[in-house]
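A.B. asks: Structure for this input, please:
(one chain, ligands or ions: 1)
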Amino acid sequence: MERSLELVRSPKLSPVGPKWYRYYAGFDPGFVADICDALGIEEGGSVLDPWMGSGTTLGVAATRGVEVAGIDLNPAMVVVAKGRLLAADTLSSLEPLGAEILSTAGPAEYPGIDPLRHWLDAESTLWTRGLAQQIRRVLTTGDAWPCDVDDLSSLASFYFVALFEAVTHALRSYGSRNPTWIKRATAYKGAVELSRSQLHSAFTASVKRLAVYLRSARNITPETHDAAVLSTGDSRMMPFDESTFEAIVTSPPYLTRLDYVVGHAPELALLGFDGSDIRTLRDRMIGTPTRKDDDVAGESLGAIAEGLLERVRDHDSYAARSYYEPNFRQYFAGMAKSFDEIERVGKPGASVLLVVQDSRFKDIHIDLAAALTSMGEQRGWTPGSRKDFVNVRSMAQLNKNAHPLARSTKPIESAISFSLPRATGGSA
Ligand SMILES: C[S@@+](CC[C@H](N)C(=O)[O-])C[C@H]1O[C@@H](n2cnc3c(N)ncnc32)[C@H](O)[C@@H]1O
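C.D. replies: Residues are numbered from 1 along each chain as shown. Modelled structure (predicted):
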């Protein structure tokens, strides 16, 4: 049955106003609240976000007493999402505990060359690593690098988010016009100096700001916090049992070859991940600009995706056939595998809500919402209505090499919904 989506607020986080974390792809909490209302997601229900990013869906759903679960391939985003889910009974101790962590933190060495040296000078690196280590000493058991983020509590994650904010703010001179990219210091020249006292004041300010943010959101009960399951994971192979969730509310990666990893390399460095880990992570992302040789044969992509791939393959522009068509096929194959998993872990009849953005390949318009709707329909999912929002920001507008059509048109962000088949095994 067609279900209309009464959505008013736009999916995109406003550039002004308080936010949990600086994240280009972040949802607006008000938009998620509208979705919960539209889909009837309320106390006692369960929601999954298999591409959780900064955890907006889960944070908002948890304040309603909903059981939440989420995964993301990027360990930095798992930490950002977990820190947001702190229960109300911990919020008053955040500042005193932050001060205690700082008062006991000393300088610390990383085994080998510290990945923070891509941006920070030697002394600043020692103090920063020392603070990261102290968060773990006070709040967790492990202290090997890289950090196993699945072992971090929400509380430890909260302080890592504060450290992420303090350090990335100091590194803002390395940013570029592209919000998903950060440069490195060349041969460690021009590295940023972040003195111990600057680091400590920035960390204290971030702890305070984030604590205020969490106190201003509606409270999460200890029971909802304890029931939440957030971890690193791949949407193509989810760590959940069959028929677990009543709703899946999420925003998958888009077909814009956006890099969700490099822009967060400093956060990954703080968690102890170095160059080769980052390369592996980039290769595994759905929608990655790096090409891998995944087995993409045999996936049911739907008529619209197949038609688009054909047009891209036959386009006469450079690398259309050798790079773009295989890269886009890899994207749709990853989405098809993820759809299979969504159907497996969703309860029969569960609601699925996806937010996606359109894009262009040269003069070809890629209506991702239409392509994914046909992918769902092919599996026997019942499509609901679609709601489009014009996005004011666009990566193509920042890219001087983008096709003129892409630079001059504003991207459309679409919310599309489905109901999963009532009987199990409904894949076509
Ligand atoms: C559009 S963002 C989600 C943003 C989120 N709605 C928010 O409010 O922050 C997509 C996310 O998918 C993640 N991702 C990409 N490929 C993945 C995969 N195969 N499995 C799980 N997560 C993946 C990226 O790391 C990124 O955080």
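A.B. asks: Run through the residues that contact the residue of the stretch 101-250 of the chain found nearest the ligand.
C.D. replies: Scanning the stretch 101-250 of the chain for proximity to the ligand using Cβ to the nearest ligand atom identifies residue 235 as nearest, at 3.7 Å. All C-beta spots, glycine's among them, are computed from the backbone N, C-alpha and C. Counting by Cβ atoms under 8 Å, 6 or more residues apart in numbering, residue 235 touches 50-51, 71, 252, 286, 334, 337-338, 341-342.
A.B. asks: Contacts only, for residue 226.
C.D. replies: Here residue 226 is in contact with residue 87 (Cβ under 8 Å, 6+ apart).
A.B. asks: what secondary structure does it sit in?
C.D. replies: helix (DSSP: H, G, I helix; E, B strand; the rest coil).
A.B. asks: residues in the stretch 301-428 of the chain within reach of the ligand, list them.
C.D. replies: Taking Cβ under 6 Å from any ligand atom as the test, the list of the stretch 301-428 of the chain residues beside the ligand is empty.
A.B. asks: what does the stretch 101-250 of the chain give?
C.D. replies: Residues of the stretch 101-250 of the chain lying near the ligand (Cβ under 6 Å from any ligand atom): 234-236.
A.B. asks: repeat that for 8 Å
C.D. replies: 233-236, 250 (Cβ under 8 Å from any ligand atom).
A.B. asks: With respect to residue 133, which of those residues is nearest?
C.D. replies: residue 233 (26.1 Å; Cβ to Cβ).
A.B. asks: ok, the closest one - contacts?
C.D. replies: 50, 71-73, 239.
A.B. asks: Neighbours of the closest residue to the ligand within the chain, how many?
C.D. replies: Nearest residue of the chain to the ligand (Cβ to the nearest ligand atom) works out as residue 53 at 2.6 Å. Here the number of neighbours of residue 53 (other Cβ atoms under 10 Å) works out to 25.
A.B. asks: what's the answer for residue 276, then?
C.D. replies: Residue 276, neighbours per other Cβ under 10 Å, totals 8.
A.B. asks: Can you tell me the SS state at it?
C.D. replies: Assignment for residue 276 (three-state DSSP): helix.
A.B. asks: since we're on the nearest residue to residue 112 once chain neighbours are set aside, how many residues are nearby?
C.D. replies: Using Cβ to Cβ, 6 or more residues apart in numbering and skipping the chain neighbours, the partner closest in space to residue 112 is residue 274 (7.9 Å). By the criterion of other Cβ under 10 Å, residue 274 has 19 neighbours.
A.B. asks: if we can go back for a sec, pLDDT and secondary structure for the residues of the stretch 101-250 of the chain next to the ligand - can I get that in a markdown table?
C.D. replies: Listed next are these as a markdown table, based on pLDDT from 0 to 100; DSSP: H, G, I helix; E, B strand; the rest coil:
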| residue | pLDDT | secondary structure |
| --- | --- | --- |
| 233 | 98 | coil |
| 234 | 98 | strand |
| 235 | 98 | coil |
| 236 | 97 | coil |
| 250 | 97 | strand |
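A.B. asks: Out of the residues you listed, which comes closest to residue 40?
C.D. replies: residue 250 (17.3 Å).
A.B. asks: Pull the contacting residues for the nearest residue to the closest one once chain neighbours are set aside.
C.D. replies: With sequence-adjacent residues excluded and distances taken as Cβ to Cβ, 6+ apart, residue 250 is closest to residue 49, at 4.6 Å. Contact analysis of residue 49 by Cβ under 8 Å, 6+ apart lists 55, 57-58, 68-71, 248-250.
A.B. asks: Inside strands: which ones of these?
C.D. replies: 68-71, 248-250 (DSSP state E).
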